[in-house]
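>>> fold the following, please.
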Amino acid sequence: MATRSAALKLDWVKVTTSLGLRGQTVAGLQAFKTRNENARRKVQLLQELPTTVDFAQYRSLLKNQAIVDEIEKRFTAFKPASYDVSRQIKAIEAFEVEAVRNAEATREKVGLELKDLEKTLTNIETARPFEDLTVDEVAAAEPSIDEKTAKLVSKGRWDVPGYKEKFGDLSVL
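Below you'll find the model as predicted:
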């Protein structure tokens, strides 16, 4: 019997890493993978078991033929129990919907982050060296510099902390 299963064809590690899945989604996928592997193993073991019983051999080995007749009668009357798996299928479908919704949300977040990172990378690549910038350009890029400078000047502090240590005292020139 050929087994057709999407779960067999999935590269589980690649799914979680390539989609950047985290948290509950990864835990749910791992739980599904484990249940699927356990069920496949059980089916495999059951398929390997012999399915025919040679009652003639038992009759030739045992003296009490009534036991063999009783077992054969019960064996032929046995009908495997059938289970309604619709509840499990609905649970799997609900899980699938939730997984798809989480994957879409993750994809959107990753897409936004990528756009932001690409914009930042473009800014870095096209930026002029710091030495070539004017004071007005630096102040336009970071308005808090002008605010801090105005605050220092209003308090009568003309020196920038750490300037003399880094660049030397220019007042002696």
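>>> which helix or strand in this structure has the lowest average pLDDT?
The weakest-scoring helix or strand in the chain, judged by mean pLDDT, DSSP states H and E, is helix 6-9 (a mean of 67).
>>> and S18, what does it touch?
Applying Cβ atoms under 8 Å, 6 or more residues apart in numbering, we find S18 in contact with no residue. For the C-beta atoms, the positions are set from N, CA and C on the backbone; glycine is no exception.
>>> report pLDDT for the nearest residue to F55 once chain neighbours are set aside.
Take F55 and drop its neighbours on the chain: the residue closest to it by Cβ to Cβ, 6 or more residues apart in numbering is E72, 4.8 Å away. Note for E72: predicted pLDDT of 90.
>>> look up how far L62 lies from E72.
According to Cβ to Cβ, to the nearest Å, E72 stands 12 Å off from L62.
>>> what about Q44, which SS state?
helix (DSSP: H, G, I helix; E, B strand; the rest coil).
>>> per-residue confidence for it?
pLDDT recorded at Q44 is 88.
>>> measure it to E37 for me?
10 Å.
>>> same check, this time on L49
Counting by Cβ to Cβ, the gap from L49 to E37 is 19 Å.
>>> what about these two, which has more around it?
Using other Cβ atoms under 10 Å as the criterion, L49 and E37 rank with E37 on top: 12 against 6.
>>> run the chain-centre distance for the strand or helix carrying that one.
Secondary structure assignment for E37, by DSSP states H and E: helix 24-48. Counting by Cα atoms, centre = their mean, to the nearest Å, helix 24-48 is centred 18 Å from the centre of its parent chain.
>>> check stretch 145-163 too.
Chain-centre distance of stretch 145-163: 50 Å, with Cα atoms, centre = their mean.
>>> kindly report the same for stretch 116-127.
The answer for stretch 116-127 is 28 Å, by Cα atoms, centre = their mean.
>>> other residues contacting that stretch?
The set of residues external to stretch 116-127 that reach it, using Cβ under 8 Å, 6+ apart, is empty.
>>> what mean pLDDT does that stretch get?
For stretch 116-127, the per-residue pLDDT averages 89.
>>> find the centremost residue of this structure, please.
Nearest to the geometric centre of the chain sits L21, at 2.4 Å (Cα atoms, centre = their mean).
>>> can you give me the distance of that one to V15?
Counting by Cβ to Cβ, the gap from L21 to V15 is 7 Å.
>>> give me the common contacts of those two.
Residues touching both L21 and V15 (Cβ under 8 Å, 6+ apart) are L29.
>>> good, wrapping up.
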